[in-house]
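Colleague: here are the coordinates; sequence isn't available:
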């Protein structure tokens, strides 16, 4: 699936569920095998690629970050959940639905602990520290542009310079300042009108550590997504003009 255009996140999740079903067939039996490096090399990359397509993310985004952004339970966490469901279903007094809900809550808690301890995806963790808030939002889907802001991987000179696609990581409007996602969306004067627009709606200043939760609680993720859509377009336009 293409990053730009194509199905929305909800449709991508549906298609991803087909991949997950095939990949995890009988996983309650062989879940422990994922602890071996050989088995993980076979299953892990496929699962990660599916999550990348759901989030419309660049391939350089870490597994830890893209699973959170896409709302995809990490494969090892999912495997443990399926194994627990299999072993508990004959001994528990809970109904099948109650058991499923209980195990999913445990999985989210396990995922949260892993997310807090992860070394990769720290910018994404800064924006989305609480997985449950992100997963339980009632509005807003990620797309190619919002994912760039959430992952820090995209049309930012720091990222492009890292892969030798730009000759400098510095912001063209702010000498000596690195142009990364934080600078573009929260600091750079080029995007003051967009920030001002969102702050007027929120009735408070926006900060990286609270912006996602604020938008989720106030059903404003679509408005934030609109701003994220415009910023990379503007960055691309500036680079194109500079190259003329």
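Modeller: Ah, there it is. Remember, it's a predicted structure, so these values are computed and weren't measured experimentally. Numbers count the residues shown, from 1 in each chain.
Colleague: only C-alpha atoms for contact and neighbour calcs from this point on.
Modeller: OK.
Colleague: Residue 49 is in contact with residue 16, correct?
Modeller: No. Applying CA atoms under 8 Å, one finds residue 16 not in contact with residue 49, separated by 9.7 Å.
Colleague: anything in contact with each of those two?
Modeller: Listed contacts common to residue 16 and residue 49 are nil; contacts here mean CA atoms under 8 Å, 6 or more residues apart in numbering.
Colleague: any low-confidence regions in this structure?
Modeller: 1-2, 37, 39, 217-244 (pLDDT under 70).
Colleague: Domains of it: list them as residue ranges, please.
Modeller: Using the TED database, the domain parsing of the chain gives 9-136, 154-242.
Colleague: would you turn those domains into a markdown table with distance to residue 3 and mean neighbour count?
Modeller: A markdown table is the format used below for those (distance: least, CA to CA, whole Å; neighbours: other CA atoms under 10 Å):
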| stretch | distance to residue 3 | mean neighbour count |
| --- | --- | --- |
| domain 9-136 | 5 | 17 |
| domain 154-242 | 12 | 16 |
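Colleague: got a markdown table for these, with distance to residue 146 too?
Modeller: Formatted as a markdown table, the domains of the chain follow (distance: least, CA to CA, whole Å):
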| stretch | distance to residue 146 |
| --- | --- |
| domain 9-136 | 9 |
| domain 154-242 | 5 |
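Colleague: Nearest to residue 143 among these would be which one?
Modeller: Minimum separation from residue 143 across those (CA to CA) falls at domain 9-136, 5.8 Å.
Colleague: check which helix or strand covers residue 66.
Modeller: helix 63-70 (DSSP states H and E).
Colleague: Tell me the gap between that helix and the middle of its chain.
Modeller: 4 Å (CA atoms, centre = their mean, to the nearest Å).
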